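Q: task: produce atomic coordinates for the following.
(2 chains)
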Protein chains: 2
Amino acid sequence: LQKLVIFGVGLIGGSIALALKKAGNAPHIVGIGRNASQLDLAIELGAIDATSDASEANIHAVCSDADLIIIATPVAQTEKILTLIKPHIGAHTAITDAGSTKSNVVLAARNALGDRFSQFVPGHPIAGAEKSGVTAANADLFIGKNVILTAEVETNQDALSRVTAMWQACGAKVSRMNAAEHDAVFAAVSHLPHLLAFALVDEIAHRPNAQQLFSFAASGFRDFTRIAGSSPEMWRDIALANRDSLLNELDAYAQQIATLRSLLSQQDAAGLQAMFEHASKARNDWGKTQ
Amino acid sequence: LQKLVIFGVGLIGGSIALALKKAGNAPHIVGIGRNASQLDLAIELGAIDATSDASEANIHAVCSDADLIIIATPVAQTEKILTLIKPHIGAHTAITDAGSTKSNVVLAARNALGDRFSQFVPGHPIAGAEKSGVTAANADLFIGKNVILTAEVETNQDALSRVTAMWQACGAKVSRMNAAEHDAVFAAVSHLPHLLAFALVDEIAHRPNAQQLFSFAASGFRDFTRIAGSSPEMWRDIALANRDSLLNELDAYAQQIATLRSLLSQQDAAGLQAMFEHASKARNDWGKTQ
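A: As a prediction, the model looks like this:
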């Protein structure tokens, strides 16, 4: 990897840059973004070597000889950026992204890249989303973390290897699955919990005695609702992008809540205990692996 | 406070004892429990000064001149203990408990204590329930934490003052509400979140691809489901004890999930964002006060 271009030098883009610098043998890294002060800060922090704006001439200069282009902007910008760079990427250039949903990104990339789609490797690093901005970036963010690549049948094997090697250099564990499987997995273990937490806090905050309720909420509530403090815009986009899987998850959970309600209503102590025990054992077994 | 008796010298009972010792001017503290090795450990840790078994003669000796008796056992034992001590408590003795639900405890205390019910002050310290046992006890557990006392109209004012002063000596903030209000508040901010977390983990753990799902779960899932690792028996008892309030909460939450599903199904981006923003702002405002 000689030359790397990062669109969006925030938490994810900045942390990739810092991780590659720390790993040694780092490529020349060019940062592109809408916020000039964030880019200047990224240079000051030693994350990137140069910056560029998104003018046609500069995009051509920056992208035509890049080995790898990483799109780490909010996911709603991905298709626009792919359309922008398509005429300028070299035959050798690999492109990847860091979006939390993959079927929609694959579709957008097919639209935007056309005959260059084989150069695109859809990716999803599973790492902290609470903080944002390059000041939150750190070189160790991806150490031991999962990164999923959802290559399609057309995906160029050399591009896939290059993206895999880049993430491994950041310390991540790289896995592969197809985009639909990815979206179903993350609907269950990430997107659904976020929606459930938003829903609970919204419902409580609308009550006449919300202030009293919050004043007696304690550590269980704090942890359960921490993800309800996440970015509303980001989660609106994720929910819409992964709508089909999430509707399935909401239906399965509503059914489970109905089961729980029925056990409680019937004072079925053994049934309640069986559900709680199964959950408690599974949660504590999982906790030991973390 | 000259003489204090604690039934159940575990996390809560042990922490009260250690806090009072640390505050200075501590009473003589007698611990009573089913597990002799826990009691010996409590003496070694300097939490209690003496132990007793539950024989009739010893209960009489220990309780007849006690200023305060604290019941900090699992809540299912409360009524049995109150029945046991009733013939032996002095006219001056105050009694309190530490159960997470209060309407059921008030009912049990009325049954068990009869004409001595005025000496009972129902209490609920809002402090850590994940760990248990006297080895988890610490003198600072209650500092800055809420304790709710749900005195009834008959409750003796002197007993109420004594229990209030005991908790204040432990560093807690003491509030009062009636038992029904208490149970409704904690159904919303504690009991419902626990049930929702148990329900989610149980549902996921039953799926054929549970292992794959857990292997990609990350920090959001970890915090959201932490309380699903809690004691199944304790939460079965709390759920049944606070059934009416919890059924109301489950119905309100099911309605909220239906609203969310409808917004998502209709791709109502503005509606989703409004719900997530309201929740995010409320959660982050609350987080600043913690």
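
Q: in which helix or strand does residue A:193 reside?
A: Using DSSP states H and E, residue A:193 sits in helix A:192-205.

Q: what about residue A:40, how many residues close to it?
A: If you count neighbours by other C-beta atoms under 10 Å in any protein chain shown, residue A:40 ends up with 13. Yep, even glycine has a C-beta here, placed from its N, CA and C like the rest.

Q: looking at this, it is in a strand?
A: No: Residue A:40 is assigned helix when assessed by DSSP: H, G, I helix; E, B strand; the rest coil, not a strand.

Q: residues in contact with it?
A: Residue A:40 is in contact with residue A:51, counting by C-beta atoms under 8 Å, 6 or more residues apart in numbering or on different chains.

Q: could you report the pLDDT at it?
A: For residue A:40, the model assigns a pLDDT of 95.

Q: picking up where we left off before, for the helix holding residue A:193, list the C-alpha coordinates in PDB.
A: The C-alpha trace of helix A:192-205 is given here as PDB (Å, rounded to 0.1, in the frame of the first residue of the first chain):
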ATOM      1  CA  LEU A 192     -32.800  -3.900  17.200                       C
ATOM      2  CA  PRO A 193     -31.300  -3.100  20.700                       C
ATOM      3  CA  HIS A 194     -30.700   0.500  19.500                       C
ATOM      4  CA  LEU A 195     -34.300   0.900  18.400                       C
ATOM      5  CA  LEU A 196     -35.600  -0.700  21.700                       C
ATOM      6  CA  ALA A 197     -33.500   1.700  23.800                       C
ATOM      7  CA  PHE A 198     -34.600   4.700  21.800                       C
ATOM      8  CA  ALA A 199     -38.300   3.600  22.100                       C
ATOM      9  CA  LEU A 200     -38.100   3.100  25.900                       C
ATOM     10  CA  VAL A 201     -36.500   6.400  26.600                       C
ATOM     11  CA  ASP A 202     -38.800   8.300  24.300                       C
ATOM     12  CA  GLU A 203     -41.800   6.700  25.900                       C
ATOM     13  CA  ILE A 204     -40.700   7.500  29.400                       C
ATOM     14  CA  ALA A 205     -39.600  11.000  28.500                       C
END
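
Q: list the contacts for residue A:283?
A: With contact taken as C-beta under 8 Å, 6+ apart, residue A:283 is in contact with B:201, B:225, B:226, B:228, B:229.

Q: could you check how far it is from residue B:201?
A: Per C-beta to C-beta, to the nearest Å, residue A:283 is found 5 Å from residue B:201.

Q: repeat for residue A:146
A: Taken as C-beta to C-beta, the span from residue A:146 to residue B:201 is 20 Å.

Q: just among the contacts of residue A:283, which is most surrounded?
A: In the contacts of residue A:283, the most neighbours by other C-beta under 10 Å go to residue B:228, 31 neighbours.

Q: quick check: that residue touching residue B:201?
A: Yes: using C-beta atoms under 8 Å as the test, residue B:228 is close enough to residue B:201 to be in contact (4.2 Å).

Q: overlap in contacts, the two.
A: Counting by C-beta under 8 Å, 6+ apart, the contacts common to residue B:228 and residue B:201 are A:279, A:280, A:283.

Q: so the first one: helix, strand or coil?
A: It refers to residue A:279. Here residue A:279 is recorded as helix under three-state DSSP.

Q: now do the contacts for it.
A: Residues counted as contacts of residue A:279 (C-beta under 8 Å, 6+ apart) are B:197, B:198, B:199, B:200, B:201, B:202, B:205, B:228, B:232.

Q: the third one: how many residues sit nearby?
A: Residue neighbour count, defined by other C-beta under 10 Å, stands at 22 for residue B:199.

Q: surely it and residue A:276 touch.
A: No: between residue B:199 and residue A:276 there is no contact under C-beta under 8 Å: 9.3 Å.

Q: how far away is residue A:109 from chain B?
A: 21 Å (C-beta to the nearest C-beta, to the nearest Å).

Q: confidence score at that residue?
A: Reported pLDDT at residue A:109 in the predicted model: 98.

Q: what helix or strand is it located in?
A: helix A:103-113.

Q: could you pull out the helices in the stretch 51-200 of chain A for me?
A: Ranges of helices within the stretch 51-200 of chain A are A:56-63, A:78-85, A:103-113, A:157-169, A:179-186, A:192-205, based on DSSP state H, counting those that start in this stretch.

Q: quick one: closest of those helices to residue B:255.
A: Minimum separation from residue B:255 across these (C-beta to C-beta) falls at helix A:192-205, 8.4 Å.

Q: can you list contacts of that closest one?
A: Defining contact as C-beta under 8 Å, 6+ apart, one finds that helix A:192-205 is touched by A:210, A:213-214, A:224-228, A:230, A:235, A:238-239, A:246, A:249-250, A:253, B:188-189, B:192-193, B:196, B:200, B:220-221, B:224-225, B:252-253, B:256-257, B:260, B:275-276, B:278-280, B:282-283.

Q: if we go to 6 Å?
A: Outside helix A:192-205, the residues that touch it by C-beta atoms under 6 Å, 6 or more residues apart in numbering or on different chains are A:213, A:225, A:227-228, A:235, A:249, B:220-221, B:224, B:256, B:260, B:275-276, B:278-279, B:282-283.

Q: for stretch A:158-167, same thing?
A: A:68, A:94, A:96, A:119, A:121, A:147, A:151, A:174.

Q: please report the distance of the residue sitting nearest the centre point of chain A from residue A:22.
A: For chain A, the residue nearest the mean C-alpha position is residue A:100 (3.5 Å; C-alpha atoms, centre = their mean). Relative to residue A:22, residue A:100 is positioned 25 Å away (C-beta to C-beta).

Q: and residue A:107, how many neighbours?
A: For residue A:107, the count of nearby residues is 13 (other C-beta under 10 Å).

Q: quick one: list the elements packing against the lengthiest helix in chain A.
A: Ranked by number of residues, the top helix in chain A under DSSP state H is helix A:243-265. In terms of contacts (3 or more C-beta pairs under 6 Å, 6 or more residues apart in numbering or on different chains; DSSP states H and E), helix A:243-265 is packed against helix B:192-205, helix B:243-265.

Q: ok, then the element right after the first one?
A: Yep, that's helix B:192-205 we're talking about. From helix B:192-205 onward toward the C-terminus, using DSSP H and E, the following helix or strand is helix B:210-215.

Q: after that following helix, which helix or strand is next?
A: Where DSSP H and E defines the elements, the next helix or strand beyond helix B:210-215 is helix B:219-225.

Q: one step back: okay, the helices of the stretch 51-200 of chain A, which one's buried deepest?
A: Ranked by mean neighbour count under mean count of other C-beta atoms under 10 Å in any protein chain shown, those are led by helix A:192-205, which reaches a mean of 25.
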